[in-house]
Structures are given as structure tokens and as C-alpha cells.
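K.L.:
Attaching a predicted model along with its sequence, questions to come.
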Amino acid sequence: MVDQTLLEILRCPNCVRTTGGVLKYYREAWFICSDCNRKYPIVEDIPVMLVEEGDKWVGVAEDALPVPPPSR
Ligand SMILES: [Zn+2]
């Protein structure tokens, strides 16, 4: 599980300064940005909040995301 406080403060690093970058917590394995549709994997309870990582998953549909995400 990811800490509840962390869930509330985490934002998409690409959008936080512009549109807000509110993230959706998906299947306890991903954060999905509601603005740019980047998807950030949570690997071993650690969210990987890197724009380059999010970029890899922009074109992948939500329900096609692997759970658990691939480890790096
Ligand atoms: Zn974003």
C-alpha cells in the first residue's frame, strides 16, 4: 500500500506547474495523470514519478497496464 498522505500530495511532475497534474490511483499499481495521460508505475510501493517513465505509457490504455508494473 502507498501511504495515504503521499497519495494526496503526489502530482504529475509534467503538469504540476501548469494544469495541476492530479493523479488517479489505479489498481494500487499506477498513477494516471488526468491532464497528460502519462502513467507512473508503483514499483515495490515506490511511485516512479519520472516524466520519461510516464512517457512510455501514454499510449497504453488504462486496462492494458500490467499489474504489477514491470520492475526496472
Ligand atoms: Zn501530467
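P.N.:
It's in. What you see is a predicted model; the values in this text were computed from it and never measured.
K.L.:
now this structure, which segments are flagged as low pLDDT?
P.N.:
72 (pLDDT under 70).
K.L.:
for it, what spans make up the helices?
P.N.:
Taking DSSP state H, the helices of the chain run over residues 4-9, 51-55.
K.L.:
End to end on stretch 22-31, go ahead and measure it.
P.N.:
9 Å (CA to CA, to the nearest Å).
K.L.:
actually stretch 45-59, not the one I typed
P.N.:
24 Å.
K.L.:
Could you see whether the ion lies near that stretch?
P.N.:
No. Applying CB under 5 Å from the ion, one finds stretch 45-59 out of contact with the ion, separated by at least 7.0 Å. For every residue, glycine as well, the C-beta is placed using N, CA and C.
K.L.:
For that stretch, which residues meet the burial criterion?
P.N.:
For stretch 45-59, a neighbour-count test (16 or more other CB atoms under 10 Å) marks 47, 48, 49, 53, 54, 57 as buried.
K.L.:
which one of those is nearest the ion?
P.N.:
Checking these against the ion with CB to the ion, the nearest one is residue 54 at 7.0 Å.
K.L.:
All good on my end, thank you.
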